[in-house]
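J.: Turn this into a model:
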Amino acid sequence: MLGRDPFRIDILTDIPGINFDIAWAHRTSITLDGQTIPLISADDLIANKIASGRLQDLADVEALKTVQQRRS
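T.: From the prediction side, this is the model:
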């Protein structure tokens, strides 16, 4: 962890349900202040949240799927 809430950043080296090499190939990115920042894809984030199985993660899955449907 870096920083303190509400500005804390968690750096994860392993997450359930995701293979790094596959997730890296699926990554998306944003540009912020001229820096390109890689982000996990929505599909891989959903897979991770399902694998985690926590109630909040499962609720997040529903919200992410709703956003995906609205964008299609």
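J.: so which helix or strand takes in residue 31?
T.: Counting by DSSP states H and E, the element that carries residue 31 is strand 28-32.
J.: and if you look at residue 21?
T.: helix 20-26.
J.: Let me see the mean pLDDT of that helix.
T.: Helix 20-26 comes out with an average pLDDT of 95.
J.: Show me what it is packed up against.
T.: When contacts are defined as 3 or more CB pairs under 8 Å, 6 or more residues apart in numbering; DSSP states H and E, helix 20-26 sits against helix 42-52. (Each C-beta comes from the backbone N, C-alpha and C, glycine too.)
J.: What is whatever helix or strand comes next after the helix it packs on packed up against?
T.: Next in sequence after helix 42-52, counting helices and strands by DSSP H and E, comes helix 55-71. Judged by 3+ CB pairs under 8 Å, 6+ apart, helix 55-71 is in contact with helix 42-52.
J.: got the buried residues for the helix it packs on?
T.: Across helix 42-52, burial judged by 16 or more other CB atoms under 10 Å covers 44, 45, 46, 47, 48, 49.
J.: how many other residues sit next to residue 16?
T.: Residue 16: 12 surrounding residues under other CB atoms under 10 Å.
J.: Name the SS class of it, please.
T.: coil (DSSP: H, G, I helix; E, B strand; the rest coil).
J.: excluding its backbone neighbours, what's nearest it?
T.: The spatial neighbour of residue 16 that comes closest, neighbours along the chain excluded (CB to CB, 6 or more residues apart in numbering), is residue 51 at 3.9 Å.
J.: For that neighbour, give its distance to residue 5.
T.: Relative to residue 5, residue 51 is positioned 25 Å away (CB to CB, to the nearest Å).
J.: got it, and residue 16?
T.: 23 Å.
J.: Looking at this protein, which residue reaches furthest from the middle?
T.: No residue in the chain sits farther from the centre than residue 34, which is 21.5 Å out by CA atoms, centre = their mean.
J.: so how far is residue 12 from residue 3?
T.: Distance from residue 3 to residue 12, counting by CB to CB: 15 Å.
J.: Let me fix that, I meant to ask about residue 69.
T.: For residue 69, the distance to residue 12 - CB to CB - is 27 Å.
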